[in-house]
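Visitor: coordinates only, sequence not included:
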Ligand SMILES: Nc1nc2c(c(=O)[nH]1)N[C@H]1C(S)=C(S)[C@@H](COP(=O)(O)O)O[C@H]1N2
Ligand SMILES: [Mo]
């Protein structure tokens, strides 16, 4: 595509400091790619739930939940942006409705294989574009992109979307996740260019 066309296409859609990704969708994560084991896979909702009980879905049950389709931009803190990524999966708000939080819950930790985690405000999970994605571009996610399930939070940097996600934990006090405790911003809004924890304002996150 010529430069002018690309500028028109991305006009107003590239957050500050981001550039458009050309070609292949990069694979970025810390550690190895886990192997999916359908017999033992589950998705758990723990922590401050409304009824004090854990909710658990095994893979077949999770696959039967209602799905949504979302087309959204994907912003990685390493500065690449992918426009119009087509996802399918279970809306964040569906999980919140089926396994609601206690009234005093304010945040969640999203847990993935090997202990990777990220923290979000409840409203980030309720955002209309947030989904637990099973498919990208009409086909199941590949193992390296998070099969069988990953979170997508389009309005935040992509590290806020764990691949190989296994559950959420409701929190009554915010707690930093994996990258948030290693120097990345607790909120991670790309439009405010909230990349690093040293940019946090008071109230943006728990003390480091
Ligand atoms: N489990 C897990 N999920 C993860 C990560 C990770 O290290 N582990 N990295 C995050 C980061 S920094 C980005 S940019 C996206 C990259 O997703 P992709 O590899 O599908 O492009 O995954 C996010 N989810
Ligand atoms: Mo990233």
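Guide: That came in fine, so what should we check first? Bear in mind the structure is a predicted one, so any value in this text is a computation, not a measurement. Ligands and ions are numbered 1, 2, ... in the order given.

Visitor: and the helices in the protein, which stretches?
Guide: 3-10, 59-63, 92-98, 122-126 (DSSP state H).

Visitor: those helices: lowest mean pLDDT?
Guide: Lowest mean pLDDT within the helices of the chain: helix 3-10, at a mean of 56.

Visitor: what's the closest non-adjacent residue to whichever residue of the chain sits closest to ligand 2?
Guide: Closest residue of the chain to ligand 2, Cβ to the ion: residue 76 (3.9 Å). Every residue, glycine included, has its C-beta placed from N, CA and C. Spatial nearest neighbour of residue 76, chain neighbours left out: residue 158 (4.7 Å); criterion: Cβ to Cβ, 6 or more residues apart in numbering.

Visitor: I'd like the distance between that neighbour and residue 184.
Guide: Per Cβ to Cβ, to the nearest Å, residue 158 is found 11 Å from residue 184.

Visitor: give me the common contacts of the two.
Guide: In terms of Cβ atoms under 8 Å, 6 or more residues apart in numbering, residue 158 and residue 184 are both contacted by the residues residue 77.

Visitor: the residue nearest to residue 76 and residue 73 touch, don't they?
Guide: No - judged on Cβ atoms under 8 Å, residue 158 makes no contact with residue 73 at a distance of 10.0 Å.

Visitor: which one of those two has more residues nearby?
Guide: Comparing residue 158 with residue 73 by other Cβ atoms under 10 Å, the one with more neighbours is residue 158, at 22 against 19.

Visitor: tell me the contacts of the more buried one?
Guide: Residues near residue 158 by Cβ under 8 Å, 6+ apart: 28, 74-77.

Visitor: among the residues you listed, who's most crowded?
Guide: In terms of neighbour count, residue 75 stands highest of the contacts of residue 158 at 26 neighbours, by other Cβ under 10 Å.

Visitor: that residue and residue 188, how far apart?
Guide: From residue 75 across to residue 188, the span is 9 Å (Cβ to Cβ).

Visitor: not counting sequence-adjacent ones, nearest residue to the spatially most central residue of the chain?
Guide: Centroid-nearest residue in the chain, with Cα atoms, centre = their mean: residue 161, separated by 2.1 Å. Leaving out its chain neighbours, the residue that sits closest to residue 161 by Cβ to Cβ, 6+ apart is residue 151, at 4.4 Å.

Visitor: can you count the residues close to the one you found?
Guide: Under the neighbour criterion other Cβ under 10 Å, residue 151 is assigned a count of 24.

Visitor: and the one 3 residues further on, by the same measure?
Guide: Applying other Cβ under 10 Å, we find 21 residues neighbouring residue 154.

Visitor: alright, calling it a day.
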